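Need coordinates for the below:
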Amino acid sequence: MGERETRAALEKRIAEFEQLSCDDPAQFYEIYQSVNEFIFEHDLEGNFTGVSPRFIGFLGYSREEMLCLNVKDLLLEKDRAHFQGYLDRVVENGRDEGLIPLINKAGRRRIVEHKNLLAVRADGTRTVRGIAKDVTDTLETEQALIESEIRFRTILDSIEDGYFEVDLAGNFTFFNDVVPAHIGYQADELMGLNYQRLMDEANARQVFETFHSVFVTGTPTKSFDWELMKKDGTKIFVEASVSLLRDRNGDPTGFCGIIRDISDRKRSEQELEYLAYHDTLTGLHNRKAFLEKLDDAIREARRYENYRSVLFIDLDHFKKVNDVYGHEIGDMLLVQVASRLRGILRDTDYVSRLGGDEFTIIIGGTSRPSPERLAERIIKTLGRPYDIQGTKIDFVTPSIGISTYPDDGHDAETLLKRADQAMYRAKEKRNSYSSARQDQEGPRPSKIRKLR
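Have a look, this model is predicted:
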């Protein structure tokens, strides 16, 4: 059969269908048995003339009751005035479809999706045939989802914390407005970006390990610190929590989490930590830091069978500076002393201010140290005149005591005590140094000429 014959046969079948009445159950029995939709027919006045034989469904009326009703009986009061417009559309266009609210027998409002067709009966009268389906539950579910999404988005956009989602590869798939605002990106720039682009290698490794642990165990992590790099290169600290995202089958699809900018708190913690271990005047390590470092140095030396030396420095005639020029000038001199010490020490050496005019140095390295050589350099460097706001001070010199692990002690307290005792022996001559081992030998003054 050719294409023309096939099309002619199809058009004939359609014409025959349009001539059928949906009030004839014999011809539509199979359809009636297989569909749940409301199949109906009404005249151009709106009176039902045909209804699915066994239909009660969402309207709650029996077939006999439906055949006694007019379509307007099912409409809301406000919609009845538009019924004639509906009929005009059907007559003009030959069909109509859409959503319309109806009232069922119990008085409940239902949303119905309908598709209607203008047909002509065998006697030449026009009628409207259609099919309708109750979509109330579907629409309410969709509306609930929309409202839930709106509430979810409203909450996310109103909180101060950042919410993010990434796929299993770490690419951003969703975030609220706070996240790009935190790190200086536009939303379209951040979408699809991998989180590793926002941090250095060490932080990327830490975050990967955290995400991997959440992936393997399925257990969320409540809090960990994370350093991010903003688009302009500056860094911020965030506190993050991470959970695993799963699809409806329970398979992992990515991660979600909350980030909170804790840069101010982190800076405060760092400042407090700095103050806990540094001298506020000179910026050198303080007594607490020195004692902890000395303990560590001794443990390391014991482990590797090496030596460590401690130099205890006290400034000669410093009291005279405060008495003659005032404490402000004295403080400035201490700052210059600290600067000079930094200038002659190696990176492996550790210098501290114990308090007042007392300073200590731990000589680093693995070989046997030569503390006397360093003491000579310190005496030469600190003994030079100081120029402070036009005031020349040329009478301040250092006295230095030296102790060495393990020769002079095996713990921090003993080494510091022996270095302090040696310093007091050097103080008897001033501008000199003395070693703890000279308990037997007596003090040894510096080879450098005393300045005063």
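
what bits of the stretch 51-200 of the chain have low per-residue confidence?
By pLDDT under 70, the weakly predicted segments of the stretch 51-200 of the chain are 53-56, 144-158.

make it 90
Residue ranges of the stretch 51-200 of the chain with pLDDT under 90: 51-67, 75-90, 97-114, 120-125, 130-163, 174-184, 200.

Would you map the strands across it?
According to DSSP state E, counting those that start in this stretch, the stretch 51-200 of the chain carries its strands in the segments 95-103, 109-120, 126-134, 162-167, 172-175.

So which of those is nearest T141?
Nearest to T141, of all those, is strand 109-120, at 11.8 Å by Cβ to Cβ. C-beta: built from backbone N, CA, C; applies to glycine.

quick revisit: will you turn the strands of the stretch 51-200 of the chain into CSV that also has mean neighbour count and distance to R340?
CSV is the format used below for the strands of the stretch 51-200 of the chain (neighbours: other Cβ atoms under 10 Å; distance: least, Cβ to Cβ, whole Å):
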stretch, mean neighbour count, distance to R340
strand 95-103, 15, 87
strand 109-120, 17, 87
strand 126-134, 19, 91
strand 162-167, 19, 48
strand 172-175, 18, 52
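
Can you pull up the most central residue in this protein?
What sits nearest the mean C-alpha location of the chain, by Cα atoms, centre = their mean, is I259, with 3.2 Å.

is it fair to say it lies in a helix?
No: using DSSP: H, G, I helix; E, B strand; the rest coil, the assignment for I259 is strand, not a helix.

how much space between it and G162?
Per Cβ to Cβ, to the nearest Å, I259 is found 4 Å from G162.

Report the set of residues contacting both of these two.
Common neighbours of I259 and G162, counting by Cβ atoms under 8 Å, 6 or more residues apart in numbering, are 179, 182, 238.

now, among those residues, which is nearest to P220?
For the shared contacts of I259 and G162, the residue nearest P220 by Cβ to Cβ is V238; the value is 16.4 Å.

who are the neighbours in contact with that closest one?
Residues near V238 by Cβ under 8 Å, 6+ apart: 162, 182, 225-228, 259-263.

Next: F175.
Residues counted as contacts of F175 (Cβ under 8 Å, 6+ apart) are 162-165, 187, 190-191.

Show me what it bridges to in the sheet.
Taking DSSP bridges as the rule, F175 bridges to F164.

ok so F290 is a helix residue?
Yes: assessed by three-state DSSP, F290 belongs to a helix.

What's the separation between it and L284?
Distance, F290 to L284, by Cβ to Cβ: 9 Å.

Quickly list what's touching both of these two.
Common neighbours of F290 and L284, using Cβ under 8 Å, 6+ apart, are S352.

Domain-wise, how is this protein divided?
Using automatic domain parsing, the domain ranges for the chain come out as 3-139, 159-262, 278-441.

winner for burial among those?
Here the criterion is mean neighbour count by mean count of other Cβ atoms under 10 Å, and of the domains of the chain the winner is domain 278-441, at a mean of 18.

Now that domain: average pLDDT?
Over the span of domain 278-441, the pLDDT mean works out to 92.

now stretch 39-47
90.

Kindly export that stretch (C-alpha atoms) in PDB.
What follows is the C-alpha trace of stretch 39-47 in PDB, where atoms were taken according to Å, rounded to 0.1, in the frame of the first residue of the first chain:
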ATOM      1  CA  ILE A  39     -14.000  10.500  29.500                       C
ATOM      2  CA  PHE A  40     -16.900  12.700  28.900                       C
ATOM      3  CA  GLU A  41     -19.200  14.500  26.400                       C
ATOM      4  CA  HIS A  42     -21.300  17.600  26.800                       C
ATOM      5  CA  ASP A  43     -23.400  19.700  24.400                       C
ATOM      6  CA  LEU A  44     -22.900  23.300  23.600                       C
ATOM      7  CA  GLU A  45     -25.000  24.300  26.600                       C
ATOM      8  CA  GLY A  46     -22.600  22.400  29.000                       C
ATOM      9  CA  ASN A  47     -25.000  19.500  29.800                       C
END
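
Centre of the chain to it, how far?
Mean-position distance between stretch 39-47 and its chain equals 62 Å (Cα atoms, centre = their mean, to the nearest Å).

Grab the nearest non-local neighbour of G218.
Nearest residue to G218, sequence neighbours excluded (Cβ to Cβ, 6 or more residues apart in numbering): L244, at 5.7 Å.

OK, contacts around that neighbour?
214-215, 218, 220, 252, 255.

Show me which of those residues is closest to E269.
P220 (24.5 Å).

Hmm, V214 and the closest one touching each other?
Yes: the pair P220 / V214 is scored as a contact, 6.4 Å apart, by Cβ atoms under 8 Å.

Tell me the residues that contact both of the two, please.
Listed as contacting both P220 and V214 by Cβ under 8 Å, 6+ apart are 242-244.

Take the contacts of F175 and lay them out in CSV including distance to K115.
CSV is the format used below for the contacts of F175 (distance: Cβ to Cβ, whole Å):
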residue, distance to K115
G162, 47
Y163, 43
F164, 44
E165, 40
A187, 41
L190, 45
M191, 40
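
Contact partners for the closest residue to F83 other than its chain neighbours?
Leaving aside its sequence neighbours, F83 sits nearest to K72 (Cβ to Cβ, 6+ apart; 5.4 Å). Going by Cβ under 8 Å, 6+ apart, K72 touches 46, 80, 83.

Between these, which sits nearest E413?
The closest of the contacts of K72 to E413 turns out to be R80 (Cβ to Cβ; 99.6 Å).

Excluding chain neighbours, what is closest to that closest one?
Of all residues not flanking R80 in the chain, K72 sits nearest, at 5.0 Å (Cβ to Cβ, 6+ apart).

What's the separation between the one you found and F48?
Using Cβ to Cβ, K72 is found at 11 Å from F48.

what does N306 give?
N306 sits 104 Å away from F48, going by Cβ to Cβ.

With M66 instead?
Taking Cβ to Cβ, one finds M66 at 5 Å from F48.

what's the answer for H278, then?
For H278, the distance to F48 equals 91 Å [Cβ to Cβ].

cool, T360 as well?
104 Å.

Next, M191: phi, psi?
For M191, the backbone dihedrals (degrees, to the nearest 10) come out as phi -60, psi 130.

Without its sequence neighbours, what residue ends up closest to it?
Closest residue to M191 apart from its sequence neighbours, by Cβ to Cβ, 6+ apart: F172 at 5.8 Å.
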